[in-house]
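Asker: Just a sequence and a predicted model for now, questions to come.
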Amino acid sequence: MTSMTDLPLFLQAATGIDTRTAPVWFMRQAGRHLPEYRALKEKYAFWELCRNPELATEVTMQPVRRYGMDAAILFSDIMTPLPPMGIGVEFRPGPVIDEPIRSAAQVSALRVPDEDEIAPFVADTLRLLEQASPVPPIGFGGAPLTLATYAIEGSGSKEYPALRAFLRTHPAVAHALLEKLTETSIRYLRMQVRSGARAVQLFDSWAGLHDARTYAEFALPYNRRILEALGETGVPRIFLAVGAPHLLDQVATLPAEVFSIDWREPLDAIRPRLPAGCTLQGNLDPAALLAPPDAIRSAVTAVLDAGRGGPHIFNLGHGIFKNTPPENVVIALEALRAYDRHAG
Ligand code: CP3
């Protein structure tokens with residue numbers, strides 16, 4: 001007989017159970033802060049690692065093996081569905097777009113690939129993870145406006161002036177692009193769940209660039225459509241908007257079980273502003289992992305204290321820095337595992 005508590009700890013918290021210990025995983029846990037990842041990078045380029053299911057499975061498992069994380073985020077990138085749409089992407093090391101999207105003709109030429117065409121290697125990786133991983137695999141995708149940020153700007157940037165001008169100069173073209181990105185993302189994420197992802201996270205990494213009016217027009221409706229479509233799959237939906245405390249009232253209307261919160265505001269200030277019963281994920285400042293041991297422990301405890309009063313998945317507020325010493329991650333995890341969320 002299975003009871004609720006036979007569920008892995010991560011899925012208990014993701015489905016609304018106020019667990020005694022907070023489950024933990026870190027955004028970008030698989031990647032450049034790990035020496036075992038850097039060793040593989042000497043032999044393989046980033047896309048080669050992503051597109052080879054055995055290697056992608058190995059990289060996904062590296063942080064799970066080393067740290068005992070409670071979830072295994074798929075090793076891939078939010079850019080993965082763009083090449084099959086007709087947008088070329090290279091990594092140097094951040095994404096660089098071959099021909100940035102700046103015209104209606106370029107948008108009309110983009111394809112919306114079928115579910116099975118988008119990334120068969122991701123389907124295979126998730127199937128391998130079902131066997132290889134003792135903890136639930138998390139699938140993920142980029143929010144349409146965050147994907148469009150790279151597609152239009154052409155690469156990472158501090159202020160994204162080309163994107164922000166484009167939204168105001170060619171709003172109809174921007175919407176046409178966002179439509180195609182939304183439909184592709186729905187297919188891509190459904191495929192991930194069919195292939196074994198036990199939860200999905202939508203990364204709106206560049207949400208914080210925008211004022212509330214721009215976000216309401218170009219981001220929120222597309223995010224809602226993706227999350228609604230994923231509701232049918234039954235897996236917990238995690239939504240992350242980075243740098244966006246000013247957008248929290250909009251974010252709170254999205255259909256998600258879990259809201260991932262960056263480090264800018266404490267979780268006890270956020271929880272009352274989100275739907276009752278939802279799970280909070282976060283929100284240690286990744287910079288805290290560059291501090292001395294006592295500062296790490298006190299920062300972890302502060303996050304755990306603020307996360308009480310409802311379900312909590314411990315995570316960073318955003319991705320781990322590549323210069324994070326692995327031993328500092330261990331110090332954080334020891335503090336976390338010693339913490340009883342139900343204690344008086
Ligand atoms: O451990 C994990 O989280 C799984 C893998 C993962 C990667 N990218 C691997 C990666 C995930 C979940 C992502 C998501 C991603 N990619 C986001 C959303 C998360 C966020 O940080 O906001 C974004 C915005 C991208 C785009 C991207 N890809 C950037 C900005 C960069 C360069 C900066 C960096 O952190 O390295 C990448 C490249 C990338 N994606 C690397 C890795 C491990 C480094 C490439 C290399 O090893 O050479």
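Answerer: That came in fine, so what should we check first?

Asker: need the residues of the stretch 151-300 of the chain near the ligand, please.
Answerer: Within the stretch 151-300 of the chain, the residues that sit near the ligand (C-beta under 6 Å from any ligand atom) are 156, 203, 205, 242. C-beta: built from backbone N, CA, C; applies to glycine.

Asker: Figure out the helix or strand that residue 280 lives in.
Answerer: Using DSSP states H and E, residue 280 sits in strand 279-284.

Asker: And the next helix or strand after that strand, what does it pack against?
Answerer: Using DSSP H and E, the helix or strand that follows strand 279-284 in sequence is helix 293-307. Secondary structure elements in contact with helix 293-307, counted by 3 or more C-beta pairs under 8 Å, 6 or more residues apart in numbering; DSSP states H and E, are helix 267-270, strand 279-284, strand 312-316, helix 326-337.

Asker: what inclination does helix 293-307 have with respect to strand 279-284?
Answerer: Interaxial angle, helix 293-307 versus strand 279-284 (axes from the mean of the first three to the mean of the last three C-alpha atoms, to 10 degrees): 160 degrees.

Asker: tilt between helix 293-307 and helix 326-337?
Answerer: 40 degrees.

Asker: list the buried ones in helix 293-307?
Answerer: 296-297, 299-300, 303-304, 306-307 (16 or more other C-beta atoms under 10 Å).

Asker: picking up where we left off before, filter the residues of the stretch 151-300 of the chain next to the ligand down to the buried ones.
Answerer: 203, 205, 242.

Asker: So which of the residues you listed belong to helices?
Answerer: Among those, no member falls in helices (criterion: DSSP state H).

Asker: Which of these fall within strands?
Answerer: Among those, the members falling in strands (DSSP state E) are residue 203.

Asker: how about CSV for the buried ones among the residues of the stretch 151-300 of the chain next to the ligand, with pLDDT and distance to residue 6 added?
Answerer: As requested, those are exported to CSV (pLDDT from 0 to 100; distance: C-beta to C-beta, whole Å):
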residue, pLDDT, distance to residue 6
203, 98, 30
205, 98, 34
242, 98, 34
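
Asker: just to revisit the earlier point, of the residues of the stretch 151-300 of the chain next to the ligand, which pair is most distant in space?
Answerer: Longest distance between any two of these is 14.1 Å, between 156 and 203; criterion C-beta to C-beta.

Asker: Which residues does stretch 220-234 contact?
Answerer: Outside stretch 220-234, the residues that touch it by C-beta atoms under 8 Å, 6 or more residues apart in numbering are 141, 143-145, 178-179, 181-182, 185-186, 189-190, 193, 200, 202, 204, 237, 239, 250, 253-256.

Asker: Of those, grab the buried ones for ChimeraX.
Answerer: To isolate the buried members of the contacts of stretch 220-234 in ChimeraX, using 16+ other C-beta under 10 Å:
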select :141,143,144,145,178,181,182,185,186,189,190,193,200,202,204,237,239,250,254,256
